[in-house]
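1. Give me coordinates for this.
(2 chains)
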Amino acid sequence: MNAPGFVLNLMAWGAIFILAIQIYRKQDVKPIIWKMTIVIFVGLFSFSINLPYMEQQIKLAILPLGVWILNGIYSRKEGGISWDKYRKYAWLGFFANFIFLAVSLISPLIHSVIFPANEISTYLSDVNKGKIIQTHPSAGSKILDIDSLLDQLDSFKEESVYSEKWYYEAFESAGELSKAEERFPYQLSGTEAKWGSGIDPLIFVEQDGKGILISTGQKQVYFRAEKSLLKKGE
Amino acid sequence: MSKKVLVPLLLILMLIAGGVLYWYYLAPPANFPDQEKVKETLSDPYNRMEIAEIQDTIFLDDKHVYIPFITEEEDHGISFWEWEKHEWQLSSFSTGSMPEIWKIDADDPSSHFIIWNFHPENDLDYLTFFLIKERGFSVSEGKEQYDPGIQMEYRAEAGEKSYGYTPIPSEWQKYMKAENKMMAAMIPDSIFADFFPPPQYYFGWRSTAIDGSTEYPSYPNNNGFGRGGSSTEHLRFLGENDIFE
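-> Alright, predicted model coming up:
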């Protein structure tokens, strides 16, 4: 679960709720509450465009489709009196898009402060149930050296991912793609990322046991340790 | 209509809807049809097969059954049966020498089974199944990503019977789950997101005969046919050049 995102979303809904109450209090002719709730939800419906932002997509609402639909329905009823009752809620629904936009702008910033992307503890918080899986036949038969991993958790150094170089090095050494040894032939499974980060990383360990490659779906990070994290299996 | 009529009417409608829902989706499965009925369903002219023998009835779980069979032309085939809409239905079948994977629940690798049925004349010693992902890399907007090559193997003895099945090995499951979750994290966080990247791995197979040959076991013929459901997938036959040895 992405805890900061969850909390911010709750706050956004809280803000929408408070705004709805404000409008309701000021109205002389009160709407029916369940209809008002539906109007807010329909008002949310919009034509929007996706923009990239901090390794994810944010939605910028442009056309208030929901408001138009509601206008079409209500303006014909009771000569527009009905629309007077509900118009503000429909626009509140559309406006809510921008509250959620603010959430998606702030949320990754907060997330990156609490869960820094360049610290290995973000991805490897609980390693006690860690296990090594050999994902390629070029891997030696090794198991996880849990003491070595725990000892070094604080001293990992982030390095660049040289994806292109790694790929072609493997290729050149073998001449044929399928016959190349794999640089990262082990998967580290069973570990937990930091609680509340909402990250489910796919973690690979390097042939020499000293490198860890972590993919989150949004980005990839690479860490090196001084000593090997693997030992000979029994 | 007055409320006196409306309320009981609504109640009755809800009861009927609930009953239908229960009947179609929740009721426990009935007994599996007997061999004659199974033969009859498979021999449907539309399926273009004459069934000579039903070899076995294997329950993979209480709603999914695997039935290996032999046709009049000595083709060995596999068929999958599902309890759906209160009926045992033939969901897919195929003949010809191709193992298949049946993903009972697409999201849960522990419900995936590899299933095969080879003619005994092929004299198979063992089968090797592979989980494979090609090595890859990408560089875009300064973001580098390296995808390690995956090749995991599982060996299944051919044994006495022509047919067999195996669940996905637990190490494969662990990898597949981690990869699936990572792919899911690539989807923009939205109700209206419409793209779902498929997993990048695939399944392959090889066979080794008693004489050591790793040729494609093609007896009696490999012009198989069948009708597949969305939850089944043929494994790719891999040559020596496709794998790391």
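
2. Residue 39: what secondary structure?
-> You didn't pick a chain, so chain A it is. The assignment at A:Val39 comes out as helix when based on DSSP: H, G, I helix; E, B strand; the rest coil.

3. From B:Asn47, how far off is it?
-> With distances taken as C-beta to C-beta, to the nearest Å, A:Val39 is found 54 Å from B:Asn47. Bear in mind the C-beta positions are built from the backbone N, C-alpha and C, glycine included.

4. Specify which residue of those two has the higher count of neighbours.
-> With neighbours defined as other C-beta atoms under 10 Å in any protein chain shown, A:Val39 and B:Asn47 compare such that A:Val39 has more, 26 against 17.

5. Output the lowest mean pLDDT helix or strand found in chain B.
-> The weakest-scoring helix or strand in chain B, judged by mean pLDDT, DSSP states H and E, is strand B:226-227 (a mean of 78).

6. Show me what from chain B comes close to chain A.
-> Within chain B, the positions adjacent to chain A are B:134-139, B:143-153, B:171, B:174-175, B:178-179, B:181-186, B:188-190, B:241-245 by C-beta under 8 Å from any C-beta of the partner chain.

7. show me what contacts the nearest residue to B:Met186 once chain neighbours are set aside?
-> What sits nearest to B:Met186 in space, not counting adjacent residues and going by C-beta to C-beta, 6 or more residues apart in numbering or on different chains, is A:Gly217, at 4.4 Å. A:Gly217 makes contact with A:Asp200, B:Lys181, B:Met182, B:Met183, B:Ala184, B:Ala185, B:Met186, according to C-beta atoms under 8 Å, 6 or more residues apart in numbering or on different chains.

8. ditto for B:Glu53
-> For B:Glu53, the contacting residues are B:Phe69, B:Ile70, by C-beta under 8 Å, 6+ apart.

9. any weak-confidence spans in chain A?
-> Residues of chain A that meet the criterion pLDDT under 70 lie in A:234.

10. Nearest residue to A:Lys232 in space, ignoring adjacent ones along the chain?
-> Of all residues not flanking A:Lys232 in the chain, A:Lys142 sits nearest, at 6.4 Å (C-beta to C-beta, 6+ apart).

11. hang on, the earlier thing: narrow the contacts of A:Gly217 to those that are buried.
-> The neighbour count (16 or more other C-beta atoms under 10 Å in any protein chain shown) marks A:Asp200, B:Met182, B:Met183, B:Ala185 as buried among those.

12. just wondering, since we're on whichever residue of chain A sits closest to chain B, how far is it from A:Glu192?
-> Nearest residue of chain A to chain B, counting by C-beta to the nearest C-beta: A:Gly217, 3.0 Å away. Distance, A:Gly217 to A:Glu192, by C-beta to C-beta: 17 Å.

13. same thing with B:Ile16?
-> Distance from B:Ile16 to A:Glu192, by C-beta to C-beta: 48 Å.

14. Setting the sequence-adjacent residues aside, check what's closest to the closest residue to chain A within chain B.
-> Chain B approaches chain A most closely through B:Ala185 (3.0 Å), counting by C-beta to the nearest C-beta. Nearest residue to B:Ala185, sequence neighbours excluded (C-beta to C-beta, 6+ apart): A:Gly217, at 3.0 Å.
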